[in-house]
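Undergrad: Could you work out the structure for the sequence below:
(chains A, B, C and D)
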There are 2 protein chains.
Amino acid sequence: MSQNQTTRPTEAELEILQILWEYGASSVRFVNDKLNEEREVGYTTTLKLMQIMADKGLVRRNTESRTHIYEAAASEADMQQRLLKRFVDKAFRGSAMKMVMQALGNHEASAEELDEIKALIRRLESEDK
Amino acid sequence: MSQNQTTRPTEAELEILQILWEYGASSVRFVNDKLNEEREVGYTTTLKLMQIMADKGLVRRNTESRTHIYEAAASEADMQQRLLKRFVDKAFRGSAMKMVMQALGNHEASAEELDEIKALIRRLESEDK
DNA sequence: TTGCCTTTACGAAAGATTTCGTATAAACTT
DNA sequence: AAGTTTATACGAAATCTTTCGTAAAGGCAA
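TA: Here you go, the predicted model:
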């Protein structure tokens, strides 16, 4: 239906996208089984959600065989970018830096991860020259 | 009513909290006026939301004068922490680092901001020793 | 073939969130 | 004092999201 590039997934839809990103194109049965490793969800619930997602353009589906195969329409990184932007706007009044500082300050980073970030910063700095 | 410390605001509620954080304790009229600088919202809509938020424990209210005065129950930083954790879980499968890298990679940071981050990292590294 | 199992389709119930209409009362205006 | 304006309270409509029951049809097994 809509096919809008900027459609945002709801929480339940995002959960399904995570599975599609992790395992690649999948059937409803497969996705539902994965979801049920976390919590109980009825098969038709998952089916309905995935049909809605196809409508919204969040997933594409191949209907050639009886069992339809769904795949995420956007890459995980693209979607993360989109979600991050909105989240920063809503929760951090648009300041990505405030958010990064919070995340780092929350001692969630190991020494190795901090090294990675330093490396990234060096790369960014040399690009900007 | 609930007073639960981990209650999450909905999007509309978060918008109201932003105003309370920015301007401090305020009346419904004030908050509604601020909201209307962005988009049209009816007065009773805002009133109802703020009453619900008081119920949930997201705001406290002083009912001494006829015009009730509301203030955010949690600090902006505390709420950001809470929201960030959940967002990272949902959108980045729990990896705060992936999220930080995305945010930084998205050339959203100025040279000064990168310096700030480097300073923060140095501080974190010396703490961990 | 007949009967199960699995699938999609569809609609609608259940739940959560957002919006607003109406009632009522306090405070201001004239 | 009477009328107007500005509050809160309350309930319910409107909308969005999640869940599931039921129907219909394809494919498989006996």
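Undergrad: going forward, measure contacts and count neighbours with C-alpha atoms only.
TA: Noted.
Undergrad: Looks like A:Thr67 contacts A:Leu47 (just checking).
TA: No - using CA atoms under 8 Å, A:Thr67 makes no contact with A:Leu47, being 11.4 Å away.
Undergrad: lowest-confidence helix or strand of chain A?
TA: helix A:111-127 (a mean of 87; mean pLDDT, DSSP states H and E).
Undergrad: Can it be said to contact chain B?
TA: Yes - Helix A:111-127 reaches chain B (CA under 8 Å from any CA of the partner chain) through A:Ala111, A:Glu113, A:Leu114, A:Ile117, A:Lys118, A:Leu120, A:Ile121, A:Leu124, A:Glu125.
Undergrad: how about that helix as CSV, C-alpha atoms only?
TA: What follows is helix A:111-127, C-alpha atoms only, in CSV (Å, rounded to 0.1, in the frame of the first residue of the first chain):
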residue,chain,number,x,y,z
ALA,A,111,38.4,-0.3,27.4
GLU,A,112,38.4,-2.0,24.0
GLU,A,113,35.2,-0.2,23.0
LEU,A,114,36.6,3.1,24.0
ASP,A,115,39.7,2.4,21.9
GLU,A,116,37.3,1.7,18.9
ILE,A,117,35.7,5.0,19.5
LYS,A,118,39.0,6.8,19.7
ALA,A,119,40.0,5.3,16.4
LEU,A,120,36.7,6.4,14.8
ILE,A,121,37.2,9.9,16.1
ARG,A,122,40.7,10.0,14.6
ARG,A,123,39.3,8.9,11.3
LEU,A,124,36.6,11.6,11.4
GLU,A,125,39.1,14.3,12.3
SER,A,126,41.4,13.4,9.4
GLU,A,127,38.4,13.4,7.0
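Undergrad: For that helix, could you pull out the residues that count as buried?
TA: Within helix A:111-127, the residues scored as buried using 16 or more other CA atoms under 10 Å in any protein chain shown are A:Leu114, A:Ile117, A:Lys118, A:Ile121, A:Leu124.
Undergrad: Any residue of stretch A:6-15 touching DNA strand D?
TA: Yes - using CA under 7 Å from any atom of the strand, stretch A:6-15 reaches DNA strand D at A:Thr10, A:Glu11, A:Ala12, A:Glu13.
Undergrad: any idea of the mean pLDDT for the helix or strand where the last one lies?
TA: Under DSSP states H and E, the secondary-structure element containing A:Glu13 is helix A:11-23. For helix A:11-23, the mean pLDDT works out to 98.
Undergrad: quick check, A:Glu40 in a strand?
TA: No - counting by DSSP: H, G, I helix; E, B strand; the rest coil, A:Glu40 is located in no strand; its state is coil.
Undergrad: can I see the domain layout of chain A?
TA: Residue ranges for each domain of chain A read A:11-72, A:76-127, as given by automatic domain parsing.
Undergrad: does any bit of stretch A:77-88 sit next to chain B?
TA: Yes - using CA under 8 Å from any CA, we find that stretch A:77-88 touches chain B at A:Gln80, A:Gln81, A:Leu83, A:Leu84, A:Phe87.
Undergrad: Name the spans of chain A whose pLDDT lies under the cut-off.
TA: A:1-5, A:128-129 (pLDDT under 70).
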